[in-house]
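S.K.: Just to be clear, the model below is a prediction. Sequence and coordinates:
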Amino acid sequence: MVFTDDMKTCSQLSGGGGGEIQNQVNVSEQETSIVIRQEMRHLCIRLCLYVLLAKGLMASAEHVTGSLNGRVILPCTYSGTTTTMCWGRGGCPSSKCNYEIIWTDGTKVTWRKSDRYQLLGDIARGNVSLTIFGVTEEDEGTYCCRVEIPGWSNDQKIEHIVKIYEAPSPPEPTDQSVHTIHVPAVSGDVTVVGSVKDILTLPCNYIIHKNQHPMCWRRGGCSASGCYDDIIETDGRRVTWRESDRYQLLGDIIQGNVSLTITGVTREDEGTYCCRVEIYELFYYVKKEIKIQILNSNHSKETLYVF
């Protein structure tokens with residue numbers, strides 16, 4: 001009898017304890033579920049933040065249009081400490097630039113794919129806008145300006161979409177307009193007239209003989225031999241030295257087009273320039289002197305060649 005009562009008591013205690021344990025299990029599962037939901041919410045927030053940061057300081061793509069054989073300017077500026085940056089073809093990747101065309105170290109250009117790509121602004125002050133000269137249909141597409149800012153996903157990224165159109169026929173010149181006169185190959189002297197901040201081209205061409213020929217440009221008249229105080233030199237195929245990025249040879253050097261382009265001209269650029277081509281096999285030098293004249297700002301800004 002006592003044994004039976006004890007069994008009932010154990011059974012009652014066991015049954016009651018089992019229910020309490022079950023309740024504790026249910027509470028534990030609910031708490032776990034809440035914790036999991038909170039962790040999932042935090043994970044989603046972190047993923048969203050990561051996606052936003054991965055995009056960097058991305059501005060919406062801007063459209064830039066230009067005409068064949070002309071030039072286009074793709075704006076890109078930044079503020080703060082000077083830093084490295086690059087331009088590339090295609091959209092901005094997660095780091096660096098795709099199909100790189102130009103790099104700077106924050107103060108100057110350290111590499112460029114072609115002289116057609118120029119940074120003519122004040123690089124050290126954050127103006128890294130890209131100018132493309134002699135544009136063709138192949139230049140159409142997306143370009144990425146990437147400024148490398150220290151920190152995780154802090155880079156500034158700007159995309160531009162370039163569209164090239166065929167240039168319209170030029171209007172008939174009027175008495176008030178200054179027009180361009182075509183320049184013959186390396187013979188006779190020329191005066192190039194422009195205004196402050198213009199881009200001026202000093203024509204110089206030569207006929208290719210057996211090989212390409214080294215040449216140079218200098219300030220002042222042509223000397224009896226060589227270039228002194230030169231501003232740009234080539235080996236006949238490419239530019240080997242230049243005093244400043246303001247001096248560019250944008251023509252086909254290999255085909256003998258060594259015309260000098262000077263960007264952002266100032267009154268200090270006035271004067272005489274010498275184009276000198278060394279043709280060794282003929283023991284001959286092609287020498288051409290060109291003068292620059294800067295007009296007052298109220299004159300037309302087109303280029304005039306005066307013979």
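M.R.: Arrived safely.
S.K.: so residue 68 touches residue 137, yeah?
M.R.: Yes - using C-beta atoms under 8 Å, residue 68 is in contact with residue 137, at 7.2 Å. For every residue, glycine as well, the C-beta is placed using N, CA and C.
S.K.: Comparing those two, which residue is more hemmed in?
M.R.: It is residue 68, of residue 68 and residue 137, that has more neighbours when counted by other C-beta atoms under 10 Å, with 13 against 10.
S.K.: and residue 99, backbone torsions?
M.R.: Per-residue torsions, residue 99: phi 50, psi 60 (degrees, to the nearest 10).
S.K.: Residue 88 versus that one, what's the distance?
M.R.: With distances taken as C-beta to C-beta, to the nearest Å, residue 99 is found 5 Å from residue 88.
S.K.: Between the two, which has more neighbouring residues?
M.R.: Ranked by neighbour count (other C-beta under 10 Å), residue 99 and residue 88 place residue 88 first, with 21 against 12.
S.K.: what's the helix or strand for the more buried one?
M.R.: strand 85-89 (DSSP states H and E).
S.K.: contact partners of stretch 226-243?
M.R.: Stretch 226-243 has contacts (C-beta atoms under 8 Å, 6 or more residues apart in numbering) with 115, 211-220, 244, 247-249, 253-254, 258, 260, 274, 276.
S.K.: If you tally nearby residues, what's the number for residue 134?
M.R.: 15.
S.K.: Show the end-to-end separation of stretch 271-288, please.
M.R.: Using C-alpha to C-alpha, to the nearest Å, the gap from the first to the last residue of stretch 271-288 comes to 14 Å.
S.K.: Now that stretch: buried residues?
M.R.: Of all the residues in stretch 271-288, those buried under the rule 16 or more other C-beta atoms under 10 Å are 273-279, 285-286, 288.
S.K.: picking that back up, tell me the helices and strands packed up against the helix or strand just after the strand holding residue 88.
M.R.: Per DSSP H and E, strand 85-89 leads on to strand 100-104 as the next helix or strand towards the C-terminus. If you count contacts as 3 or more C-beta pairs under 8 Å, 6 or more residues apart in numbering; DSSP states H and E, strand 100-104 packs onto strand 85-89, strand 109-112.
S.K.: could you give the angle of strand 100-104 to strand 85-89?
M.R.: Note on geometry: by axes from the mean of the first three to the mean of the last three C-alpha atoms, to 10 degrees, strand 100-104 and strand 85-89 are set 170 degrees apart in direction.
S.K.: Over strand 100-104, what's the mean pLDDT, rounded is fine.
M.R.: Averaging pLDDT along strand 100-104 gives 96.
S.K.: do stretch 257-266 as well
M.R.: For stretch 257-266, mean pLDDT is 88.
S.K.: pull the CA atoms of it into CSV?
M.R.: Taking C-alpha atoms only, stretch 257-266 is exported to CSV below (Å, rounded to 0.1, in the frame of the first residue of the first chain):
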residue,chain,number,x,y,z
ASN,A,257,53.1,65.5,-88.8
VAL,A,258,55.0,67.1,-86.0
SER,A,259,52.8,70.2,-85.6
LEU,A,260,53.0,71.6,-82.1
THR,A,261,49.9,72.2,-80.0
ILE,A,262,50.1,74.6,-77.0
THR,A,263,47.3,74.5,-74.5
GLY,A,264,46.2,77.3,-72.2
VAL,A,265,48.3,79.9,-73.9
THR,A,266,49.4,83.1,-72.1
